[in-house]
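Undergrad: just need the structure, nothing else, for what follows:
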Amino acid sequence: MSDELKNAGIGNSSSQRVQSPFKVKGKYDMRKAGKLLEMQLAQSQEQQRSEAEDQIEKELAEALGGMSETDIFGNEPAPARKKDQVQPAGPKVGKVYRIHDRDIFIELPGSRTQGVISSLQFPEGIPEIGTEVQVKIEGFDGPNGVLLLSRVGAVVSNANWDTVAVGMVVEARVTGVNKGGLEVEVNSLRGFMPISQIEMFRVNELEPYLNQKLQCMVAEVDPLDQNLVVSRRDLLEKQREEAKEKLWADLKEGQVREGVVRSVQQFGAFVDLGGADGLLHVSEMSWQRVVDATKVFQPGQLVKVIVLRIDHETRKIALGFKQLEENPWAVFAKDNPPGTVLNGKVTKLAEFGAFVELAPGVEGLIHLSELAPTKVRRANDVVKVGQEVSVKLLSLDQAAQRISLSIKALAQNESSTPEPVEEVPSKPAKPPKPRTTPLRGGTGAEGVKPLF
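TA: Numbering: from 1, shown residues only. Alright, predicted model coming up:
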């Protein structure tokens, strides 16, 4: 316990009590005692900071390897240097002992302070643990307690960092690809574009971007760590917002527009029309039955669609794709009037009947009552999926895309047709034998009394 507090009467035993300047009417003034404790704590922290700075100075001296200021700056007097700063020293050979993210930690001989260097200074690839690297000391990072190093022979132009700033639109040339994104060059500076910042949709293949020049926005700039991060997605979203209002002013139903598929779900695909997204439902993708939209379209695919419906209040757009192709129902209706007998394949069974594909994109229904002349309880008692059947077309509604078919009608037609009877030639009739007795009831023979 400090003498100040003892003199203040705080913490003294009953035998050592003295009148405290913080005691007022028998009670301690804790506000004044608290201020005294804060002063003592500040003095202790200042002493610890001074000791830490002295230790850093000692480690820096060891890192400099005994080089004097004359060796570094020549005969000119050394400029004034603030604490937590390190003047550049001559080249040193260190070993890579740890790699974290894009920071490579170097162990320097004769120094307990570790150094760090950016992986951007290794265009040939990340070095392995234990690799010797020739480096220069560029400065000291006081908060992290590490030396800032640069690679000898690496092209690092500090002046170029003044040409980039967060939010600036720049041109980036893609120099390489890795699992996390694109390696780029901006104004002779090495930078990085994360894979999530390349497009407004998910990107799976990075090789097509190699050697391309992309317009993008600067997202992060750190000259000290030589860290530059750019984003193409930010620029695309900014341009998208600017074009959004113009698109809604020009958009009309029936228009044919080109768009880019942004995302695909099982129920449909969202297509960017250049400022707003429209939904291409799975039922509007093809005249044939489509169950999963992911089997038809992929993100990033360029498609031509037609605007079916627009809701300006909810800002929703319904798109169609199959409408740009020839309608198979129109062709089928023209060539197959009711009463036509057709062959098809059973594609699906339901509780109320069976669906039969008559042509690509055209299906008809055989109701349970039309499957057989007798009563049918289940469709699979008569037909199976994939079975080829002959049916009669009962009715066709092109607008509603409904066709009624029948197997029973064919069976009834066959049973109602009379079977042909084979004609057998008849034999000639024999002539009758001559009568030898008189007929009864006649006049009789001469001299015989008649019966009536």
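Undergrad: just checking, Lys252 touches Ile306?
TA: No - if you go by C-beta atoms under 8 Å, Lys252 and Ile306 don't touch, sitting 11.0 Å apart. Every residue, glycine included, has its C-beta placed from N, CA and C.
Undergrad: skipping its backbone neighbours, what lies nearest Lys238 in space?
TA: Spatial nearest neighbour of Lys238, excluding adjacent residues (C-beta to C-beta, 6 or more residues apart in numbering): Met217 at 7.5 Å.
Undergrad: ok so, going back, okay, Lys252 and Ile306: which has more neighbours?
TA: Ile306 (18 against 7; other C-beta atoms under 10 Å).
Undergrad: surely that one touches Gly254?
TA: Yes - when contacts are counted by C-beta under 8 Å, Ile306 is listed as touching Gly254 (6.9 Å).
Undergrad: may I have the strands that pair with whichever strand or helix holds Phe105, each with its orientation?
TA: Under the criterion of DSSP states H and E, Phe105 resides in strand 103-107. Strand pairing for strand 103-107, determined by DSSP bridges: strand 92-100 (antiparallel), strand 115-118 (antiparallel).
Undergrad: so how far is that strand from its chain's centroid?
TA: Remark: strand 103-107 is offset 35 Å from the chain centroid, using C-alpha atoms, centre = their mean, to the nearest Å.
Undergrad: closest to Ser188 out of the strands paired with strand 103-107?
TA: Minimum separation from Ser188 across the strands paired with strand 103-107 (C-beta to C-beta) falls at strand 115-118, 15.4 Å.
Undergrad: which of the residues in the following helix or strand past the closest one are buried?
TA: The helix or strand immediately downstream of strand 115-118 is strand 132-141, counting by DSSP H and E. Neighbour-count burial for strand 132-141 flags Val133, Val135, Lys136, Ile137, Glu138, Phe140 (criterion: 16 or more other C-beta atoms under 10 Å).
Undergrad: looking at those residues, which is nearest Leu206?
TA: Using C-beta to C-beta, Val133 comes nearest to Leu206 of the buried residues of strand 132-141, at 28.3 Å.
Undergrad: correct me if wrong: the closest one contacts Glu124.
TA: No - using C-beta under 8 Å as the test, Val133 is too far from Glu124 to be in contact (11.9 Å).
Undergrad: what residue is smack in the middle of this protein?
TA: Centroid-nearest residue in the chain, with C-alpha atoms, centre = their mean: Arg202, separated by 4.1 Å.
Undergrad: so what pLDDT did that residue get?
TA: Listed pLDDT for Arg202 reads 83.
Undergrad: what's the helix or strand containing Glu185 in contact with?
TA: Assessed by DSSP H and E, Glu185 sits inside strand 181-186. Strand 181-186 is touched from outside by 164, 170-177, 190-198, 206, 209, 214, 216, 218, 228, 230, with contacts defined as C-beta atoms under 8 Å, 6 or more residues apart in numbering.
Undergrad: quick one: the helices in the stretch 151-300 of the chain?
TA: In the stretch 151-300 of the chain, helices defined by DSSP state H, counting those that start in this stretch lie at 232-250, listed in chain order.
Undergrad: quick check: which ranges of it have low pLDDT?
TA: Scanning the stretch 151-300 of the chain with the threshold set as pLDDT under 70 gives 153-160.
Undergrad: all strands for it, in order.
TA: Ranges of strands within the stretch 151-300 of the chain are 169-178, 181-186, 189-194, 213-222, 227-231, 256-265, 268-272, 277-281, based on DSSP state E, counting those that start in this stretch.
Undergrad: domain assignment for this structure?
TA: Listed by automatic domain parsing, the domain ranges of the chain are 3-48, 83-151, 159-235, 251-324, 336-415.
Undergrad: nearest to Lys244, out of these?
TA: Evaluated over these, closeness to Lys244 peaks at domain 251-324, with 4.0 Å, by C-beta to C-beta.
Undergrad: what about that closest one, how long is it end to end?
TA: By C-alpha to C-alpha, to the nearest Å, the extent of domain 251-324 from end to end equals 18 Å.
Undergrad: centre of the chain to it, how far?
TA: 17 Å.
Undergrad: ok, stretch 205-212 next?
TA: 18 Å.
Undergrad: run through who's touching it.
TA: Arg173, Val174, Thr175, Gly176, Val177, Gly181, Leu182, Ile195, Ile198.
Undergrad: how far out from the middle of the chain is stretch 328-338?
TA: Distance, centroid of stretch 328-338 to centroid of chain: 41 Å (C-alpha atoms, centre = their mean).
Undergrad: and what of stretch 220-231?
TA: 27 Å.
Undergrad: contact partners of that stretch?
TA: Residues external to stretch 220-231 that are found in contact with it (C-beta under 8 Å, 6+ apart): 102-103, 118, 120-121, 139, 141, 148, 156, 158, 161, 164-166, 170, 172, 184, 186, 189-194, 197, 216-219.
Undergrad: follow-up on the earlier one: using CSV, please lay out the domains of the chain together with distance to Glu241.
TA: Formatted as CSV, the domains of the chain follow (distance: least, C-beta to C-beta, whole Å):
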stretch, distance to Glu241
domain 3-48, 50
domain 83-151, 32
domain 159-235, 11
domain 251-324, 8
domain 336-415, 39
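Undergrad: closest one to Glu242 among these?
TA: domain 251-324 (8.1 Å).
Undergrad: related to what we said a few turns ago, partner strands of the strand holding Glu185, parallel or antiparallel?
TA: Strand 181-186 is paired, per DSSP bridges, with strand 169-178 (antiparallel), strand 189-194 (antiparallel).
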